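J.: quick one: sequence and predicted model below, then my questions.
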Amino acid sequence: MAADASPRPPPARWAEHENLLHREIAKRLGRSLEPDAVIREMLHLLSELLGLNRGRVLLFDPAAGKLVIRHAYGLTRAEVARGVFAPGEGITGRVYADGRGVIVQDIDAEPTFLCRTVARADLPQETVAYIALPIESGGRTIGVLGCHRLRRRDRALNDDLHVLGIVATQIGQILTLNRLVGERTAALESENRQLKRALEASAVTAHAAGIVGESPRLLTALGQLERVAPTDATVLLLGESGTGKELFARALHTVSPRRDAPFVKVNCAAIPETLFEAELFGHEKGAFTGAQAARAGRFELAHGGTLFLDEIGEVPLAMQAKLLRALQERVVERVGASRERPVDVRIVAATNRDLKTLVDEGRFRLDLYYRLNVVPVVLPSLRDRPEDIRPLVRHFLNHFNQAYQRNVGLDAAAASLAERFPWPGNVRQLGNVIERVVLLHDSATIGAPELARVLESEGGGRPPPTAGVLVRDYRPVMESDLARIEAALAQAGGNKSRAAQLLGLTLRQLNYRLQKSAARGPA
């Protein structure tokens, strides 16, 4: 009752107090929009500055089906607990149901005023008014703002109604913003949980398939594979040489319903053009010289499972029409046979080449391209997932140390150097370098200078400058190296990808050596 009996300012100062009220509310809204703290402070200011006492905000509780007090100032816990109204019940319930404000000039003369929240005996023994206004959000009433007012005050009632209307609007906006933020936060949390589950599942799949790393781009690619794994859709793996296309293909097979059936790999770049048809579709006995017995092709061997066509861009143009028919009709005809055989295979193709460019150049059939490009999945290069380099280094160190009975590691500077190297040969090149380090160094710990010397011999990339480490230019391509490259190209019929495989190089490394040779000119 102390608040009701406190002295009030003279009429000339009501406007000053009203302005102070709005300024203080604005300050608090600028600091926080958290309803519990802000709305209670607004009710506090209404009481202290304007004498609008025992303010309360009632909101509809769907679970209870009633209005309950959510924010209050000047009420005891027991009074808050008693402040429960059904829609239409009492003055408060009527304001909520009708959406129109109500002014009770004298609560003792109003039979529908229930005195449920605050007992009449606990109010001043003089004329007490009650004002209740609707709180709206999105064009509908969501609650009620109510407060007591002594009739003897020398302030115009309309002035109080004007201020309370503004405060009710502000409270509605606060509650609306809080609801929208809550809904958005809940949606984001749900999305984050789903993403976390997907990433965790992808990480499990990656680990099971021998794929090391948890970078977002890697897990995104794995997530795409997981989504299409339950289907028989053809998947086209795109990425640079050394990004692990076969591992990804095996991962897709592992999480598919075909996991218990064969996984058959075909390296299209390694098959001579004259043997391509027999390798893919098989042959009958006597179909050609040397065909002493019938033999099933890779399509038949993969029946019920997955057929992985690696380096699909290297399929000879003459064979592409037959391959397209096998993919479309799911039948194969062995060389020398007179009947077709049905095959049930899931096709996963891979290439490090731009098939669309090959199509434009007339070296790859457009219809075959569309048949393969159903679900394209881009595998990230190692430079696009630098956070995976250190885990990969640890993985390869563990693997090769066990394989060769060694105990070699990299110090922090060497690990940092590995992390900053461009790795044009990607994961394959990184594995080769770590194997070389484990084999060629006797010391237990390899530092940055030693690793830099190993990286200098790598084509297509240069180790970044390292404190205390002198990085020399790459060694020029020797005539003996050029002779080996030319011999391999001749053996591969001019096909660089096949020549690189014969030499144990990546295509980038082969091109690098050829460029260096061309730059040197004739001896």
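T.: Right, received. Where do you want to start?
J.: is V315 in contact with A321, as I believe?
T.: No - applying C-beta atoms under 8 Å as the test, V315 and A321 come out as separate, 10.4 Å apart. (Glycine included, C-beta is placed from N, CA and C.)
J.: mind checking which of the two has more residues around it?
T.: Taking neighbours as other C-beta atoms under 10 Å, V315 and A321 compare with V315 leading, 25 against 12.
J.: any idea how far the more buried one is from T254?
T.: Using C-beta to C-beta, to the nearest Å, one obtains 26 Å as the distance from V315 to T254.
J.: could you point out which element follows whichever strand or helix holds V181?
T.: Per DSSP states H and E: V181 is located in helix 157-208. Counting by DSSP H and E, the next helix or strand C-terminal to helix 157-208 is helix 216-228.
J.: quick one: buried residues of that following helix?
T.: 217-219, 221-226, 228 (16 or more other C-beta atoms under 10 Å).
J.: which residues of the stretch 151-300 of the chain score low on pLDDT?
T.: 195-209 (pLDDT under 70).
J.: swap in the chain?
T.: The low-confidence ranges in the chain, as defined by pLDDT under 70, are 1-12, 195-209, 459-481, 501, 504, 519-523.
J.: doesn't I312 make contact with L372?
T.: Yes - contact criterion C-beta under 8 Å: L372 and I312 qualify, at 6.5 Å.
J.: what touches both of those two?
T.: 236, 349, 355 (C-beta atoms under 8 Å, 6 or more residues apart in numbering).
J.: inside helices: which ones of those residues?
T.: L355 (DSSP state H).
J.: where does R149 land in three-state SS?
T.: strand (DSSP: H, G, I helix; E, B strand; the rest coil).
J.: tell me the contacts of it?
T.: 51-53, 128-131, 157, 160.
J.: the residues you listed: which two are farthest apart?
T.: Spatial extent of the contacts of R149 (C-beta to C-beta) is set by the pair N53 and L157 at 14.9 Å.
J.: between these two, which one's more packed in?
T.: N53 (25 against 14).
J.: follow-up on the earlier one: ok, the contacts of R149 vs L188, which is closest?
T.: For the contacts of R149, the nearest to L188 is L52 (38.7 Å; C-beta to C-beta).
J.: show me where the stretch 401-523 of the chain has helices.
T.: For the stretch 401-523 of the chain, helices defined by DSSP state H, counting those that start in this stretch occupy the ranges 412-420, 426-440, 448-456, 479-491, 496-503, 507-520.
J.: tilt between the first one and helix 448-456?
T.: With axes from the mean of the first three to the mean of the last three C-alpha atoms, to 10 degrees defining the directions, helix 412-420 sits at 30 degrees from helix 448-456.
J.: any idea of the angle helix 412-420 forms with helix 426-440?
T.: Using the same axes, to 10 degrees: helix 412-420 against helix 426-440 is 150 degrees.
J.: gap between helix 412-420 and the chain center?
T.: 27 Å (C-alpha atoms, centre = their mean, to the nearest Å).
J.: show me what it is packed against.
T.: helix 389-404, helix 448-456 (3 or more C-beta pairs under 8 Å, 6 or more residues apart in numbering; DSSP states H and E).
J.: could I get these in CSV, plus columns for mean neighbour count and distance to G286?
T.: As requested, the helices and strands packed on helix 412-420 are exported to CSV (neighbours: other C-beta atoms under 10 Å; distance: least, C-beta to C-beta, whole Å):
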stretch, mean neighbour count, distance to G286
helix 389-404, 16, 45
helix 448-456, 19, 53
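J.: could you export those helices as JSON lines, including distance to K496?
T.: Formatted as JSON lines, these follow (distance: least, C-beta to C-beta, whole Å):
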{"stretch": "helix 389-404", "distance to K496": "27"}
{"stretch": "helix 448-456", "distance to K496": "24"}
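J.: nearest to R94, out of these?
T.: helix 389-404 (66.7 Å).
J.: and that closest one, what other elements does it pack with?
T.: Using 3+ C-beta pairs under 8 Å, 6+ apart: helix 389-404 touches strand 409-410, helix 412-420, helix 426-440.
J.: what residues of the second one count as buried?
T.: Yep, that's helix 412-420 we're talking about. By 16+ other C-beta under 10 Å, the buried positions in helix 412-420 come out as 413-418.
J.: can I get these in CSV with distance to G210?
T.: Putting the buried residues of helix 412-420 into CSV (distance: C-beta to C-beta, whole Å) gives the following:
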residue, distance to G210
A413, 28
A414, 24
A415, 21
S416, 26
L417, 25
A418, 20
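J.: nearest to V102, of the residues you listed?
T.: S416 (72.8 Å).
J.: what's the separation between the closest one and R390?
T.: Separation of S416 from R390 (C-beta to C-beta): 9 Å.
J.: what's the overlap in contacts for these two?
T.: Joint contacts of S416 and R390 (C-beta under 8 Å, 6+ apart) do not exist.
J.: quick one: the helix holding V181 to helix 216-228, angle?
T.: Taking the same axes, to 10 degrees, one finds that helix 157-208 is oriented at 80 degrees with respect to helix 216-228.
J.: which SS state does A293 fall under?
T.: Under three-state DSSP, A293 comes out as coil.
J.: for it, grab phi and psi.
T.: phi -150, psi 160 (degrees, to the nearest 10).
J.: show me what contacts it?
T.: Contact partners of A293, counting by C-beta under 8 Å, 6+ apart, are K285.
J.: return the residues in contact with E435.
T.: Counting by C-beta under 8 Å, 6+ apart, E435 touches 396, 400.
J.: if I pick I446, what's in contact with it?
T.: Counted by C-beta under 8 Å, 6+ apart, I446 has contacts 408-411, 414, 437.
J.: mind picking the two most distant members of those?
T.: Most distant of the contacts of I446, by C-beta to C-beta, are D411 and V437, 12.0 Å apart.
J.: pick out whichever of these two has more residues nearby.
T.: Ranked by neighbour count (other C-beta under 10 Å), D411 and V437 place V437 first, with 24 against 14.
J.: so how far is K27 from the more buried one?
T.: Counting by C-beta to C-beta - V437 and K27 are separated by 64 Å.
J.: and E273, by the same measure?
T.: With C-beta to C-beta as the criterion, E273 and K27 are 81 Å apart.
J.: which of those two has more neighbours?
T.: Comparing E273 with K27 by other C-beta under 10 Å, the one with more neighbours is E273, at 14 against 10.
J.: backbone dihedrals for the more buried one, please?
T.: phi -60, psi -40.
J.: that one contacts P316, doesn't it?
T.: Yes - counting by C-beta under 8 Å, P316 is a contact partner of E273 at 4.6 Å.
J.: my read is that T234 contacts A349, right?
T.: Yes - T234 is in contact with A349 according to C-beta under 8 Å; the separation is 7.1 Å.
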